[in-house]
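Novice: Need coordinates for the following:
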Amino acid sequence: MAGVLPSAPSAPFQMPPPTRRGSVRRRTVLYAELSGTPSAIGSVEASVDPSPYPTLSPPPGFKPPEPKRFAIRPDKLLDIFSAALALPFRLGTGAFALGYSVSLVSEDKIPSDQYAMGIAGLKLKETSKLGPRPEKPIEIYEFESCPFCRKVREILSILSLDVLYYPCPRNGPNFRPKVLQMGGKQQFPYMVDPNTGVSMYESNDIIKYLVDKYGDGTIPFMLSLGLLTTLTEGFAMIGRMGKGSFYTPSKLPPLPLELWAYEPSPYCKLVREVLVELELPHILHSTPRGSPTRQELYEKVGIFQVPYLEDHNTGVKMFESAEIIEYLRAVYAT
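Specialist: Prediction:
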């Protein structure tokens with residue numbers, strides 16, 4: 001396949017200078033070490049020495065907000081509107097899991113501990129037909145405002161795959177050089193599949209690889225239109241005027257953040273823009289409609305609402321996009 005590259009060891013990065021030494025913490029992590037190979041990732045019990053990293057803590061007096069369904073903070077109305085402009089251009093691509101189906105059933109047909117949206121006394125029974133699940137998350141190097149990167153994010157959402165994102169904003173000091181080191185050029189998106197050892201550039205090649213390996217082999221219609229797909233991906237981003245493209249000086253965390261989200265959501269997009277600008281590695285758990293990941297989040301926190309952020313560097317867990325953005329900037333921007 002065109003664009004396929006072997007995974008090869010890479011040279012260590014120069015990490016940020018320490019601000020305070022601390023004891024070694026043992027934690028279950030899902031993270032690729034910057035000094036390791038691009039495929040060195042897995043759910044492992046690892047020792048994380050925080051000494052090379054800045055000390056991270058929540059803002060003074062910080063308290064996670066209560067989740068509010070479908071609420072928009074007044075100062076974020078314009079942001080949500082501009083992010084939602086993508087929906088008509090892309091027809092909601094990425095909002096539904098592969099093989100999505102839905103039916104209306106009576107409330108007693110859905111167990112009380114199962115996530116389901118209610119409508120007029122009935123419940124939506126949503127299912128999907130997902131392909132094989134990879135043992136380890138797919139690794140993607142990309143940035144938010146790139147139309148080619150958005151194409152790949154949409155298929156990852158449709159396939160409901162967990163992804164370890166390495167943000168590569170312009171002038172970003174960490175992961176853009178890493179891509180050049182691994183693949184020989186700074187081109188995005190760049191994918192590494194630690195389950196197979198395959199790495200590649202080119203959005204169309206990545207999409208084809210993912211649907212063959214983790215889907216049903218079929219490229220969704222809205223991702224199969226060639227130039228028209230690329231043009232509509234670009235038009236979908238006009239409202240955000242390049243947000244999620246440029247690096248904001250930040251502290252690199254020792255552990256990736258975790259985000260539950262899905263590509264077409266305007267609320268999730270605003271959070272992703274800031275994660276990219278701050279160059280914060282994060283594991284994204286894709287939650288399109290019909291995905292079992294929705295049930296997993298429901299069991300985890302008692303409700304389903306996205307975006308939902310967990311920061312293992314500070315212990316913070318929170319909903320609400322506007323407050324998540326403020327938290328990220330307060331903790332990680334320098």
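
Novice: Strands along the stretch 201-334 of the chain, start to end?
Specialist: Taking DSSP state E, counting those that start in this stretch as the test, the strands found in the stretch 201-334 of the chain are 257-261, 282-286, 308-311, 316-318.

Novice: could those strands go into JSON lines alongside mean pLDDT and mean neighbour count?
Specialist: Every C-beta, even on glycine, is put in place using the N, C-alpha and C of the backbone. Below are the strands of the stretch 201-334 of the chain laid out as JSON lines (pLDDT from 0 to 100; neighbours: other Cβ atoms under 10 Å):
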{"stretch": "strand 257-261", "mean pLDDT": "98", "mean neighbour count": "23"}
{"stretch": "strand 282-286", "mean pLDDT": "98", "mean neighbour count": "23"}
{"stretch": "strand 308-311", "mean pLDDT": "98", "mean neighbour count": "23"}
{"stretch": "strand 316-318", "mean pLDDT": "98", "mean neighbour count": "18"}
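
Novice: Could you pull up the residues touching the closest residue to E144 other than its chain neighbours?
Specialist: The shortest distance from E144 to any non-neighbouring residue, by Cβ to Cβ, 6 or more residues apart in numbering, is to G244 (2.7 Å). G244 is in contact with 143-145, 169, 272-274, 276-277, counting by Cβ atoms under 8 Å, 6 or more residues apart in numbering.

Novice: now the helices for the protein?
Specialist: 77-84, 86-90, 147-158, 175-183, 203-214, 227-235, 266-277, 292-301, 321-332 (DSSP state H).

Novice: Can you give the distance of the second one from its chain's centre?
Specialist: Yep, that's helix 86-90 we're talking about. Mean-position distance between helix 86-90 and its chain equals 19 Å (Cα atoms, centre = their mean, to the nearest Å).

Novice: got it, and stretch 197-209?
Specialist: Offset of stretch 197-209 from its chain centre (Cα atoms, centre = their mean): 17 Å.

Novice: how about the CA coordinates for stretch 238-251, as PDB?
Specialist: In PDB, the C-alpha atoms belonging to stretch 238-251 read as follows (Å, rounded to 0.1, in the frame of the first residue of the first chain):
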ATOM      1  CA  ILE A 238     -14.100  28.000   7.800                       C
ATOM      2  CA  GLY A 239     -16.100  29.100  10.800                       C
ATOM      3  CA  ARG A 240     -13.200  28.400  13.200                       C
ATOM      4  CA  MET A 241     -10.700  30.400  11.200                       C
ATOM      5  CA  GLY A 242      -7.600  28.300  11.900                       C
ATOM      6  CA  LYS A 243      -8.300  27.500  15.600                       C
ATOM      7  CA  GLY A 244      -6.300  24.400  16.600                       C
ATOM      8  CA  SER A 245      -3.400  25.200  14.200                       C
ATOM      9  CA  PHE A 246      -0.800  27.200  16.200                       C
ATOM     10  CA  TYR A 247       1.200  26.200  19.200                       C
ATOM     11  CA  THR A 248       0.700  27.900  22.500                       C
ATOM     12  CA  PRO A 249       3.700  27.500  24.900                       C
ATOM     13  CA  SER A 250       2.800  24.900  27.400                       C
ATOM     14  CA  LYS A 251       3.900  22.300  30.000                       C
END
